[in-house]
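> Below: sequence and its predicted model.
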Amino acid sequence: QALENNEVDMAIAGGIRLGLLPLNNTEIGVESSDGRTRPFDSSSEGFGGGEGVVTILLKELKKAERDKDIIHAVIKGSACNQDGATVSISAPNREAQTQVIRNAWENAGIDPTTITYIEAHGTGTELGDVVELEGITKAFEGDTMRRQFCGIGSVKSNYGHMEATAGLLGLVKAVLALKNKIIPPTLHFSNPNKYITFPLSPMYVNIHKTQWEQEDSIYRCGVSSFGFTGTNSHIVLERASESDKRGSDNNLPSSYILTISAKSKKALDRLVTNYINFNYENRSLNDVCYTANACRDHYNHRLAVIFTNKEELVSKLTSYREKRSYFDDGIYYGQVMDRKDTESSWEEVTTNTNLSWKEIARHYIEGKAIPWDNIYEKMDVRRISVFPYTFDKTKCWIDVLKDKFYETTKEYYTLSLEEAPSKEFYNDMKTTRVVLLFGSTTGRDLARYLKEKGVSIVEVWLSSSFKKQNEASFECGKSTSDFEQLFNNI
């Protein structure tokens, strides 16, 4: 809604589900005994738990096309509603699920018969799967009576139930299926649930890796997600258009410039290796350069390479990596010491678009902020998927074992008894008055043993209060006053 109302240009939608505590006593009656989810299967008995993090970036289609973004799929429409009162969590409302699907189709403005796959909620509960399939069938019956033309699956058979993040995970699966034109199989399906009559429904369970083929080149699917509290949602997706794809570098510049930058020299070298190993097949070199030059941040360690084809690019990058040759035949390297300089504008490029790649490369490694958007403004380029930034593997944990304090101290102490090395030990003790505080016969035995060795002993027994029996024997309570009397008498 915020995107449609132009309140924001982009939005990040995400979810996370982590089982941080090993709680096995929190079952609510819908978990499977072995932790596996078997959607639509006769042996389904509930779902297994899953963990993960899912994040997607949303943007209005026309703005994404204007900004030459990578578009993985298009959201045609969506809808949400509420079950209202039901018998239990595992007994949802079929009419509400039917209605939310119909509302999503209406919101998308599509012909429901063009939907050829649905990523179902599919929790693997015996009743929940039945109600969901009945709801989908009822939704289709308003437009068609065709049988088994629409595949159905559930990613919960792969990852388990990720609860509040389950819907996003299903969405990602559906987006990847559209993008690759491949419907992944649903796992753990052997025999259909006996209460679901698939041959008489529009659905079939997709249990094989299936090549998705459409005669009219319109690929559409639906994704359902139903909450524990009765909230139902359904979204309609469509495959992004391929009309802007190019298969060659025809009518493109005779030479290119590729800029690579990183926050450290090691990170820069790793990025260079990635570009050397990159698969340039069926990719426009101008798109590769546009993505690197105009769509990424630029850091202190900078490299610029001028080339005419992919073979020359790989050759020059390899030369830089192995020979470390700079300013040699189209290879430029520089380190910007003052970060503020990288944020300054360079008016010369803005006013003079006829500068050569060599002049641009020299200014770039000096730390100038090149207005790449102006350079590529009249070129037919688009952003493509390449590898991410390669961070340095810097350990951030505190290594307490190397701390000087821990080198001289122990984390805990233990008490142990050792036999005296010689009789001199007892000779030294004969000139000392030893006080033994004990509360068992073991202490009395020890006192007797030391007396036999000629050691002067004062016996102190734990009791309820202080009491002097004789000059060498006392009873002592646990209070401060009792111990004060003991010390005074000794």
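Yep, it's here.
> quick check, residue 482 in a helix?
Yes: checked against DSSP: H, G, I helix; E, B strand; the rest coil, residue 482 lies within a helix.
> Count the neighbours of it for me.
18 (other Cβ atoms under 10 Å). Quick note: C-beta positions are derived from backbone N, CA and C, even for glycine.
> same check, this time on the one 3 residues further on
Using other Cβ under 10 Å, residue 485 has 18 other residues around it.
> Helix or strand: which one has the closest residue to residue 196 other than its chain neighbours?
Distances taken as Cβ to Cβ, 6 or more residues apart in numbering put residue 133 closest to residue 196, at 5.0 Å, once the chain neighbours are dropped. Element membership for residue 133, per DSSP states H and E: helix 126-141.
> So what's the gap between the helix or strand just after that helix and the chain middle?
Remark: after helix 126-141, the chain's next helix or strand is strand 150-153, criterion DSSP H and E. The chain centre lies 27 Å from the centre of strand 150-153; the measure is Cα atoms, centre = their mean, to the nearest Å.
> what about stretch 240-260, start to end distance?
29 Å (Cα to Cα, to the nearest Å).
> Using PDB, list the CA coordinates for stretch 123-135.
Extracted in PDB, the C-alpha atoms of stretch 123-135 (Å, rounded to 0.1, in the frame of the first residue of the first chain):
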ATOM      1  CA  THR A 123       1.200 -27.900   6.400                       C
ATOM      2  CA  GLY A 124       0.800 -31.600   6.200                       C
ATOM      3  CA  THR A 125      -2.100 -31.700   8.700                       C
ATOM      4  CA  GLU A 126      -4.700 -34.300   7.800                       C
ATOM      5  CA  LEU A 127      -7.600 -31.800   8.000                       C
ATOM      6  CA  GLY A 128      -5.800 -28.600   7.100                       C
ATOM      7  CA  ASP A 129      -4.700 -29.900   3.700                       C
ATOM      8  CA  VAL A 130      -8.200 -31.100   2.900                       C
ATOM      9  CA  VAL A 131      -9.800 -27.800   3.700                       C
ATOM     10  CA  GLU A 132      -7.200 -25.900   1.600                       C
ATOM     11  CA  LEU A 133      -7.700 -28.100  -1.400                       C
ATOM     12  CA  GLU A 134     -11.400 -27.700  -1.100                       C
ATOM     13  CA  GLY A 135     -11.000 -24.000  -1.000                       C
END
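> what does that stretch contact?
Under the criterion Cβ atoms under 8 Å, 6 or more residues apart in numbering, residues 30, 32, 37-41, 44-47, 90-98, 101, 120-122, 152, 154, 156-157, 161, 193, 195-196, 201, 203, 224, 226 lie in contact with stretch 123-135.
> and the residue nearest to residue 196, how many residues sit next to it?
For residue 133, using other Cβ under 10 Å, the count is 27.
> circling back to that earlier point, can you list the buried residues in the helix holding residue 133?
126-140 (16 or more other Cβ atoms under 10 Å).
> on that earlier part again, tell me which entries of the contacts of stretch 123-135 lie within strands.
152, 203, 224, 226 (DSSP state E).
> Give the full set of residues in contact with the closest residue to residue 101 other than its chain neighbours.
The shortest distance from residue 101 to any non-neighbouring residue, by Cβ to Cβ, 6+ apart, is to residue 139 (4.2 Å). The contact partners of residue 139, by Cβ under 8 Å, 6+ apart, come to 98, 101-102, 105, 112.
> Adding pLDDT, distance to residue 445 and neighbour count, write those out as JSON lines.
Shown next, in JSON lines, are these (pLDDT from 0 to 100; distance: Cβ to Cβ, whole Å; neighbours: other Cβ atoms under 10 Å):
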{"residue": "98", "pLDDT": "95", "distance to residue 445": "86", "neighbour count": "20"}
{"residue": "101", "pLDDT": "96", "distance to residue 445": "85", "neighbour count": "25"}
{"residue": "102", "pLDDT": "97", "distance to residue 445": "89", "neighbour count": "19"}
{"residue": "105", "pLDDT": "97", "distance to residue 445": "90", "neighbour count": "25"}
{"residue": "112", "pLDDT": "95", "distance to residue 445": "92", "neighbour count": "21"}
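> So which of those residues sit within helices?
Judged by DSSP state H, the subset of these located in helices is 98, 101-102, 105.
> Spatially central residue (nearest the centroid) of this protein, please.
residue 53 (4.2 Å; Cα atoms, centre = their mean).
> wait, residue 164 sits on residue 17?
Yes: counting by Cβ atoms under 8 Å, residue 17 is a contact partner of residue 164 at 6.5 Å.
> so residue 136 makes contact with residue 122?
No: Residue 136 is beyond contact range of residue 122, at 11.0 Å (criterion: Cβ under 8 Å).
> Find residues that contact each of the two.
With Cβ under 8 Å, 6+ apart as the test, residue 136 and residue 122 both reach residue 152.
> show me where the stretch 301-450 of the chain has helices.
For the stretch 301-450 of the chain, the helices defined by DSSP state H, counting those that start in this stretch occupy 310-323, 339-342, 347-351, 357-365, 372-375, 404-408, 424-429, 441-452.
> do the same with the stretch 1-150 of the chain
Using DSSP H, counting those that start in this stretch, helices in the stretch 1-150 of the chain cover 61-66, 94-108, 126-141.
> As a markdown table, those with distance to residue 185 would be great.
Formatted as a markdown table, those follow (distance: least, Cβ to Cβ, whole Å):
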| stretch | distance to residue 185 |
| --- | --- |
| helix 61-66 | 31 |
| helix 94-108 | 23 |
| helix 126-141 | 17 |
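> so which of those gets nearest residue 282?
Among the helices of the stretch 1-150 of the chain, the nearest to residue 282 by Cβ to Cβ is helix 61-66 (21.2 Å).
> Give me the nearest residue to residue 451, chain neighbours excluded.
Per Cβ to Cβ, 6+ apart, closest to residue 451 is residue 457, 5.6 Å.
> okay, now that neighbour: neighbour count?
When neighbours are defined as other Cβ under 10 Å, residue 457 has 18 of them.
> Repeat that for residue 359.
Count around residue 359 with other Cβ under 10 Å applied: 13.
> any idea which of the buried residues of helix 126-141 is least confident?
Least confident entry in the buried residues of helix 126-141, by pLDDT: residue 126, with 80.
> Roughly how far does that residue sit from residue 196?
10 Å (Cβ to Cβ, to the nearest Å).
> Distance of residue 197 relative to residue 145?
In terms of Cβ to Cβ, residue 197 sits 14 Å off from residue 145.
> So these two - more neighbours on which side?
Higher neighbour count among residue 197 and residue 145: residue 197, with 12 against 8, using other Cβ under 10 Å.
> what about the protein, any weak spots by pLDDT?
For the chain, the stretches with pLDDT under 70 are 22-29, 88-90, 243-252, 324-328, 338-354, 399-415, 417, 420-440.
> end-to-end on stretch 224-239?
17 Å.
> change the start of the numbering to 367 and stick with it
All set: I'll call the first residue 367, so the last point we hit is now stretch 590-605.
> So which bits of that stretch are buried?
590-593, 596, 598-605.
> What of stretch 643-650?
Neighbour-count burial for stretch 643-650, counted by 16+ other Cβ under 10 Å, picks out 644, 649-650.
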